[in-house]
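Undergrad: Got a sequence here, can you build the structure:
(chains A and B)
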Amino acid sequence: MQCQQCDKQAMFHITELEAGEVRELHLCEDHARIYLNQAEADSQQEDSDTEGGPLGVGQTAKELSEIDQLVCDMCGITFFEFRNQGRLGCPHDYVQFENELEPLIANIHGEVEHRGRRPNRQKSVGGEVLPESTEELTRVIGMRKDIRNAVEGEDYERAGKLRDNIQKILHKWHAEDLKG
Amino acid sequence: MKFEVLKTSVGEWLKGTGPESDIVMSSRVRLARNLAQYPFVGRASETERSEIEDFLHSHLTKTSVGSRLEYTNLGGLEDLDRQFLVERQLISREHADATGARGVAIDPAEQISLMINEEDHLRIQCIHSGLDLEAVWEQIRGVDEEIEAVVPYAFHQRWGYLTACPTNVGTGIRVSVMLHLPALVITRQIDKVFRSLHKISLAVRGLYGEGSQAFGDFYQISNQITLGRTEDELIAQVADVVPVLIDYERRARDFLLQETEQNVHDQVSRAFGILRTAQTISAEETMQLLSRVRMGVLLGLVDDLHVSDVNKLLVRTQPAHLQKMRGVDLDTKDRNIERARFLRAYFESGSPDDN
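TA: As a prediction, this is how the structure comes out:
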């Protein structure tokens, strides 16, 4: 059987009883985990209505729906879309939605800090040491979107400038397309 | 991809060599990595997906490991050939069934495969036969470092390597071993074993079949957590539990021999008998029976057959392998007839390649 949220095989078959109504869910492992984490956060919410903090805990329905409307500045995904698909849109989501993802990640992994291998960065083209974080490079995603908007608005000067900036960043990070 | 060469070999994971290979079929590690400058695969446009594939493909060829691999554009393959790669565990089923620009680079020994545009931009996988996690980790780490020297992977100070699904973030590592546990299944201890594994946050799944219904008693144990621990700790978490499972399975096999030898011998012989004489047989039944026979070989109850033969049959009786061998597309009914014919010929001559 296929997962109701994606193309993977459903591994979890969940029966929910809500107000006497039976609802069946068939989910793959990833979606089940996200669903169950959400359910857990929701039930915690019922228990405590004053505690502040992470997603679903001590937050009103209004606040939760506000979280769902958060949008990534780079790829444009909303938090609602992420919750539905169980997949993030781009690396910047981990920055943009950091506060909202933290309780979810804590639930999945029991930890909120990476302790494994770290990149061994080479020097940039300009000779400076590149940072561990690739956030600067990920901003290119937003700049490409800005180019499309500029071209649509026939602001070709701005589009050209953005293109130059993107090339500079890609060059600095040795991330140019080899085909040119 | 030289499928013609591949179809008569069995690939790394079914060689039946390496430590503890009577119980541990294979050891596998995969790493999830993404390019920092593109959206994740699920949100990338068709053009972006092509750019990602081009970028990774061209940069991979600059590495010494990449130049040894053979690259295949999956979009350009027939369904049957993609299925063939799934059966050999070189790509995932999701990767095979997806649409859009995607590819895989495979080394000739079939130990390493690099999946491009699977759920993440790059998934690096390394498989060895038997229980060999440390060597697998050494090898895959080398590959990963070599690629990282030319490709800036998305990384965050706090979250580590960034992945499309938060369940993989941090190390991006999935460590798994595939075990053959027929005696634990027969003695009905398998559920108890699984419950205790879940408690220490390890995942268990059957290799074939849906959900908890596993065909052929092959199970894969893997880590679920990827963040907040080092790769060595995560590997140790899986590696530490394997000797315990091996011990349980060996004891269950001894018990079966001591207490119910006649029964076990009978079951194994009947399984062997069906495989040698059936006129039509499904993939599921074949898997179940081969599992029994494999245990029989290891218990010394079957003559003239080696574990490596059984392993070979496990993969070569799968749907795409059968059709590649026959050279035609077959529906389920014809596949079952063809499978039975192939098995009879194999056991008669011991040399299916002449078939």
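
Undergrad: With just CA atoms, put stretch B:321-341 into CSV.
TA: The C-alpha trace of stretch B:321-341 is given here as CSV (Å, rounded to 0.1, in the frame of the first residue of the first chain):
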residue,chain,number,x,y,z
HIS,B,321,16.7,-10.6,-13.5
LEU,B,322,14.6,-13.3,-14.9
GLN,B,323,13.4,-11.1,-17.7
LYS,B,324,16.9,-9.8,-18.5
MET,B,325,18.2,-13.4,-18.7
ARG,B,326,15.4,-14.4,-21.0
GLY,B,327,15.7,-11.2,-23.0
VAL,B,328,12.0,-10.5,-23.1
ASP,B,329,9.3,-8.8,-21.0
LEU,B,330,7.1,-11.4,-19.2
ASP,B,331,3.9,-10.9,-17.3
THR,B,332,3.5,-12.4,-13.8
LYS,B,333,2.1,-15.7,-14.9
ASP,B,334,4.9,-16.2,-17.5
ARG,B,335,7.5,-15.1,-15.0
ASN,B,336,6.3,-17.8,-12.6
ILE,B,337,6.7,-20.4,-15.2
GLU,B,338,10.0,-19.1,-16.3
ARG,B,339,11.2,-18.9,-12.7
ALA,B,340,10.3,-22.6,-12.1
ARG,B,341,12.1,-23.6,-15.4
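
Undergrad: What residues of that stretch count as buried?
TA: The neighbour-count check on stretch B:321-341 (16 or more other CB atoms under 10 Å in any protein chain shown) flags B:H321, B:L322, B:Q323, B:K324, B:M325, B:L330, B:R335, B:N336, B:E338, B:R339, B:A340, B:R341 as buried. Using the backbone N, CA and C atoms, a C-beta is placed for each residue, glycine as well.

Undergrad: next one: stretch B:36-52
TA: Those would be B:36-44, B:48-52, for stretch B:36-52 by 16+ other CB under 10 Å.

Undergrad: quick check, it touching chain A?
TA: Yes: for stretch B:36-52, a contact with chain A is found by CB under 8 Å from any CB of the partner chain, at B:A36, B:Q37, B:Y38, B:P39, B:F40, B:G42, B:R43, B:E51.

Undergrad: how deep is B:D107 tucked in, by neighbour count?
TA: 18 (other CB atoms under 10 Å in any protein chain shown).

Undergrad: quick one: the residue lying closest to it once chain neighbours are set aside from B:R174, how far?
TA: The shortest distance from B:D107 to any non-neighbouring residue, by CB to CB, 6 or more residues apart in numbering or on different chains, is to B:L69 (5.1 Å). Taking CB to CB, to the nearest Å as the measure, B:L69 falls 20 Å from B:R174.

Undergrad: quick one, helices of chain A?
TA: Counting by DSSP state H, the segments of chain A that form helices are A:29-47, A:61-68, A:79-85, A:93-96, A:98-109, A:135-152, A:156-172.

Undergrad: In JSON lines: the buried residues of stretch B:36-52, plus pLDDT and secondary structure.
TA: What follows is those, written out as JSON lines (pLDDT from 0 to 100; DSSP: H, G, I helix; E, B strand; the rest coil):
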{"residue": "B:A36", "pLDDT": "97", "secondary structure": "coil"}
{"residue": "B:Q37", "pLDDT": "97", "secondary structure": "coil"}
{"residue": "B:Y38", "pLDDT": "98", "secondary structure": "coil"}
{"residue": "B:P39", "pLDDT": "98", "secondary structure": "coil"}
{"residue": "B:F40", "pLDDT": "98", "secondary structure": "coil"}
{"residue": "B:V41", "pLDDT": "97", "secondary structure": "helix"}
{"residue": "B:G42", "pLDDT": "96", "secondary structure": "helix"}
{"residue": "B:R43", "pLDDT": "97", "secondary structure": "helix"}
{"residue": "B:A44", "pLDDT": "97", "secondary structure": "coil"}
{"residue": "B:E48", "pLDDT": "96", "secondary structure": "helix"}
{"residue": "B:R49", "pLDDT": "97", "secondary structure": "helix"}
{"residue": "B:S50", "pLDDT": "96", "secondary structure": "helix"}
{"residue": "B:E51", "pLDDT": "96", "secondary structure": "helix"}
{"residue": "B:I52", "pLDDT": "97", "secondary structure": "helix"}
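
Undergrad: Greatest separation within these: which pair is it?
TA: The most widely separated members of these, counting by CB to CB, are B:A36 and B:S50 (18.1 Å).

Undergrad: Dump the residues of stretch B:36-52 next to chain A to JSON lines, plus distance to A:D68.
TA: Shown next, in JSON lines, are the residues of stretch B:36-52 next to chain A (distance: CB to CB, whole Å):
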{"residue": "B:A36", "distance to A:D68": "26"}
{"residue": "B:Q37", "distance to A:D68": "28"}
{"residue": "B:Y38", "distance to A:D68": "25"}
{"residue": "B:P39", "distance to A:D68": "20"}
{"residue": "B:F40", "distance to A:D68": "19"}
{"residue": "B:G42", "distance to A:D68": "18"}
{"residue": "B:R43", "distance to A:D68": "17"}
{"residue": "B:E51", "distance to A:D68": "31"}
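
Undergrad: closest to A:K168 among those residues?
TA: B:Q37 (12.7 Å).

Undergrad: Now do the same contact list for that closest one.
TA: A:L137, A:T138, A:V140, A:I141, A:L170, A:W173, A:A175, B:P152 (CB atoms under 8 Å, 6 or more residues apart in numbering or on different chains).

Undergrad: Most neighbours among these, which one?
TA: A:T138 leads those on contacts (other CB under 10 Å) with 28 neighbours.

Undergrad: Any figure for the gap between it and chain B?
TA: 5 Å (CB to the nearest CB, to the nearest Å).

Undergrad: which residues of the stretch 1-150 of chain B fall in helices?
TA: Assigned by DSSP state H, counting those that start in this stretch, the helices in the stretch 1-150 of chain B fall at B:3-6, B:46-60, B:64-68, B:79-87, B:93-97, B:133-148.

Undergrad: least reliable of those going by mean pLDDT?
TA: Per-stretch mean pLDDT for those is lowest at helix B:3-6 (a mean of 56).

Undergrad: Could you give the number of residues near the closest residue in space to B:S64 that isn't next to it in sequence?
TA: In space, and not counting its chain neighbours, B:S64 is closest to B:E146: 6.7 Å by CB to CB, 6+ apart. B:E146 sits with 16 neighbouring residues when counted by other CB under 10 Å.

Undergrad: again, but for B:Q237
TA: Neighbour tally, B:Q237, other CB under 10 Å: 18.

Undergrad: ok, now which ones touch the closest residue to it other than its chain neighbours?
TA: Distances taken as CB to CB, 6+ apart place B:N223 nearest to B:Q237, at 5.7 Å, with adjacent residues excluded. Shown in contact with B:N223 (CB under 8 Å, 6+ apart): B:I173, B:R174, B:V175, B:S176, B:S201, B:L202, B:A203, B:L234, B:Q237, B:V238.

Undergrad: and if you look at A:T138?
TA: Going by CB under 8 Å, 6+ apart, A:T138 touches A:M74, A:C90, A:P91, A:H92, B:A36, B:Q37, B:A154.

Undergrad: Looking at those, which is nearest A:V129?
TA: Using CB to CB, those come closest to A:V129 at B:A36, 16.5 Å.
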